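> The sequence and its predicted three-dimensional model are supplied below.
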Amino acid sequence: MSKIKMLYTSFSAKVTLLMCVIMIVSSLVWSFAIVNNMRMAAINNIISEEEAFINNTKNNTKNVKEVCNLALRIVSSLDSLNNYLNLVKSGEDLSPKEKIDFYNNNILSISNITNLNPYLYQIRIYAASDNISENAPTLYNINRMNNLSWAKNREDGKWIFDYNDTIFDENNKKRLFGITDSITDLNNETIAIIEVAAEIEALFPDMFTSTKNTWSCFIEDTGRIHYDKKNRYIPEQKNKIAKVVTSRNKEDWVDTIILGEEQYVISSTYIESFNGSYVHLSKVTSFVNSYFQSQQNYILLIICSVILSVIVMTLVTTHMFKRFNYITESIQNITQGQTDLRIHVQGDDEISNMANQFNQMLDNLERLNHENTSRQLIAKNTEIRSMQNQINAHFMYNVLESIKMMAEIKGEYDISDAVTSLGEMFRYSVKWTSGKATIGEEIKYIKNYLSLMNLRSDYEIVLSLNVPQELLNYRIPKMSLQPIVENSVHHGIDGSDMDASIYLKIFVEDDNLHIEISDNGNGMDETELGIIKEKLKDRIDVDEAKVHGLALKNVQNRIKLFYGENYGLEIYSQKGLYTKVVIVLPYSDNEDNNND
């Protein structure tokens, strides 16, 4: 026993050492993999941020442009503004009241649109008339527009990007973008031009908040770069950036680029209205350094976790093998003959489950051994009883043959026929070579039985048959029908003092063989019928002393033993009218199906 314990102790030590080595090696490999992937993780993190930046930029650009277009449509649709501009261009003198009404109804409304929307810089109307009374910052003579850089090249509905507000001051560095549209009269002559302008900083706020680690710009398809010249962190190789951006497809993308000795993540979103791409760069080095710093703490945490895991693993393995050794020792004792021994292991894991399963196996083996012993004893007794019955039956059959001969000699042919029926019944009982018989043999046995029953009474029991010829050779469990017929005679017909009939009908339906045995005897009320059904379902014990229901229960048990729980007997009855027993068996026209 001590050698076995030493062997398992040595084995458990080896397993513990192996598991610790595997854990340490895997932790080291994992740590090195983390260090090697830190840079890519940092880059991927920046790329994710750049993708989010692209989406934010596109949404912001869409919002600003929608506001500008909406303001342009509102102003263009003002009928009172168009009427006033037409009157001014025609040279018609306007009264001070008309001018004040125009200011209150139009100029103030346009100013309110600008003031209430943070995206808008100005909405300006340039009237094509020298008679216009200018009203800054909204209404101007068209000559004022010539002070702006886009005046000669503008097109209705097209966006103008990055121009200065030089309408009054040539040195004004306010950077704008905008859209213009013409107001025409009935002769399609231009009477005014509308300009809706917004600051570039409202469109691209990141362009004016660049740091040493991030930088933004707008690059036209021509390669021209727009950026914040006040920012001192301007990449020296911005032309290389422009070349890379203009060489790519006009779509959104994120990539990495080397500028000098630094690596950047570059994102670009194409804005078709401005014929260019908004570009954002993020320096990788700063993000990687911070990521390395955070991962150093993580690696230290991994090392501490590995050490703690090794200690815990050693303790757990030792405890686990302690119970395993106990189970092994118990199994060894059981194999040596201590079959009443049971393994008691506490817990709710695989080891305790194995012990419980082993205990259940021992219980099942003990139960099966007991059942097998009982079954062998029953089989032996049955065999002895069968031999005795055969001896008794052969003796009785020989005696009956002698009586039959004596009756025929004296001319008592009724007695001879009765003895013949009884002899055939004995012979059928003795001939129990298999568990099944044909339907024809069963019917012949019933006929012999009823002929004997008719001898003892003044009334006659008539057997009516409705059995297809092809079913007579179909094999069913032997002695399945006679007990039911006998039950009908004793409990349904006896005591009626009137002729009675038993109707036997056999047919096939839905791959099942249906055997119906009906009598026109006393029948049963609902209470009696319910008791019989409960007995057939084993819900009420059958009292062998009272016999009633015993024959049906025996037939039911034999059918279920042959075919399973889906088959058996069904009983229907009505007091004073009839009783019908239906036997349901599986049916197959296969020749081998009826073999025992």
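On my side now, so go ahead. Numbering: from 1, shown residues only.

> What segments of the stretch 151-300 of the chain are strands?
Using DSSP state E, counting those that start in this stretch, the strands of the stretch 151-300 of the chain run over 159-164, 175-184, 190-199, 214-220, 225-226, 253-259, 262-271, 276-283.

> For those, give me CSV that also has mean pLDDT.
Formatted as CSV, these follow (pLDDT from 0 to 100):
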stretch, mean pLDDT
strand 159-164, 91
strand 175-184, 92
strand 190-199, 91
strand 214-220, 90
strand 225-226, 91
strand 253-259, 87
strand 262-271, 88
strand 276-283, 89
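
> out of those, nearest to N115?
Among those, strand 190-199 comes nearest to N115, with 13.6 Å by C-beta to C-beta. (Glycine included, C-beta is placed from N, CA and C.)

> Which among the strands of the stretch 151-300 of the chain is found nearest to G564?
Nearest to G564 among the strands of the stretch 151-300 of the chain is strand 253-259; the distance by C-beta to C-beta comes to 68.7 Å.

> Give me the buried stretch members for the closest one, please.
W253, V254, I257, L259 (16 or more other C-beta atoms under 10 Å).

> before we move on, back to that, now the strands of the stretch 151-300 of the chain in TSV, with distance to V581?
Formatted as TSV, the strands of the stretch 151-300 of the chain follow (distance: least, C-beta to C-beta, whole Å):
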stretch	distance to V581
strand 159-164	97
strand 175-184	98
strand 190-199	97
strand 214-220	94
strand 225-226	101
strand 253-259	84
strand 262-271	87
strand 276-283	90
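
> out of those, which comes closest to T138?
Taking the strands of the stretch 151-300 of the chain one by one with C-beta to C-beta, strand 190-199 is closest: 10.3 Å.

> quick one, phi psi at V462?
Note on V462: backbone dihedrals following degrees, to the nearest 10 are phi -100, psi 130.

> And the helices in the stretch 201-350 of the chain?
With DSSP state H, counting those that start in this stretch as the criterion, the stretch 201-350 of the chain has helices at 238-247, 284-335, 350-409.

> For C68, the count of nearby residues, please.
Here the number of neighbours of C68 (other C-beta atoms under 10 Å) works out to 23.

> same question, S573
22.

> for the helix or strand where it lies, packing partners?
In the assignment (DSSP states H and E), S573 maps to strand 568-574. If you count contacts as 3 or more C-beta pairs under 8 Å, 6 or more residues apart in numbering; DSSP states H and E, strand 568-574 packs onto helix 526-536, helix 550-563, strand 578-586.

> still on that earlier bit, and the helices of the stretch 201-350 of the chain, which one's lowest on average pLDDT?
Mean pLDDT values for the helices of the stretch 201-350 of the chain show the minimum at helix 350-409, a mean of 64.

> quick revisit: between the helices and strands packed on strand 568-574, which gets nearest to S133?
The closest of the helices and strands packed on strand 568-574 to S133 is strand 578-586. By C-beta to C-beta, the value is 109.0 Å.

> Give me the sheet partners of the closest one and which way each runs.
Using DSSP bridges, the strands paired with strand 578-586 are strand 512-519 (antiparallel), strand 568-574 (antiparallel).

> Now do the buried residues in it.
Buried, per 16+ other C-beta under 10 Å, within strand 578-586: Y578, T579, K580, V581, I583, V584, L585.

> Quick check: R224 vs I142, distance?
Distance, R224 to I142, by C-beta to C-beta, to the nearest Å: 28 Å.

> out of those two, which sits in the busier spot?
I142 (18 against 13).

> JSON lines please, covering the buried residues of strand 253-259 and showing distance to I506.
Listed next are the buried residues of strand 253-259 as JSON lines, based on distance: C-beta to C-beta, whole Å:
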{"residue": "W253", "distance to I506": "84"}
{"residue": "V254", "distance to I506": "83"}
{"residue": "I257", "distance to I506": "93"}
{"residue": "L259", "distance to I506": "98"}
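
> What is the nearest of the residues you listed to G492?
Nearest to G492 among these is V254, at 93.5 Å by C-beta to C-beta.

> Quick check, the closest one in contact with I47.
Yes - between V254 and I47 a contact is recorded at 5.1 Å, counting by C-beta atoms under 8 Å.

> between those two, what contacts are shared?
The contact sets of V254 and I47 overlap at V265, S267 (C-beta atoms under 8 Å, 6 or more residues apart in numbering).
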